[in-house]
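> sequence and predicted model, in that order:
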Amino acid sequence: MSKRLENFIKTNKEGFDELEPSADLWDKIEKQLPPEILKKIEKKTFSLGFVLRVAAAVIIVMGVSFMIFLHSIQKPGVDLAAINPEYAKQQVHYASLVETKRSELDKIAKSNPELYKELSGAIARMDSTYNKLNNDLATSPNQELVLRAMIRNLQIQTEVLSQQLNVIEQYNQSKNDQKNEIKNI
């Protein structure tokens, strides 16, 4: 019996492919449904706003996931300790200092964004130079020289960040002094 069914389907395959439901099929089905089922179906529909919010959330999650993925792929780097172990230690030390001072500066950015914007330009330029040196390190014929330049760049960044933090501290102190003078008058 299954052979007959298979043969029937094979011989009439084109006829099955041609059949499509009519455009008003759903309207006919909907008229035959009881009202309580229609209410449940209407509750299940989503508004355009809801669909757009879900789509935006999905896009954001995918974007963040993609960024995490890109950051997880590490570029084949150069082993700094293989170039010069002492320089490698210095590089780690100064990079750590720079990150610490940057986090202090970032805290200040919230309270005084204009001043932060003005001060961050110099650091951005030095950071750009450091990144260029870091990229050149792998292909440089004199890697030790490039590594020393990277360390010097980090030293200068540390000094500049310290000066910037001092300027901000002095600025805040003078602002507080002015407030106190106004209160005393």
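Looks like it arrived, so ask away.
> shaky segments in the protein?
1, 16-19, 40-46, 71-77, 109, 184-185 (pLDDT under 70).
> ok, residue 14 - how many residues close by?
7 (other Cβ atoms under 10 Å). Yep, even glycine has a C-beta here, placed from its N, CA and C like the rest.
> how about residue 25?
Residue 25 has 10 nearby residues by other Cβ under 10 Å.
> which stretches of this protein form helices?
According to DSSP state H, the chain carries its helices in the segments 2-11, 13-18, 25-32, 35-44, 48-72, 80-83, 85-111, 113-137, 143-184.
> now residue 167: closest residue in space that isn't a chain neighbour?
Counting by Cβ to Cβ, 6 or more residues apart in numbering, residue 167 lies nearest to residue 119, which is 7.5 Å off, once chain neighbours are set aside.
> you'd agree that neighbour is up against residue 106?
No. The pair residue 119 / residue 106 is not scored as a contact, 11.2 Å apart, by Cβ atoms under 8 Å.
> between these two, which is the more surrounded one?
More neighbours surround residue 119 than the other of residue 119 and residue 106, with 20 against 11 (other Cβ under 10 Å).
> distance of that one from residue 66?
32 Å (Cβ to Cβ, to the nearest Å).
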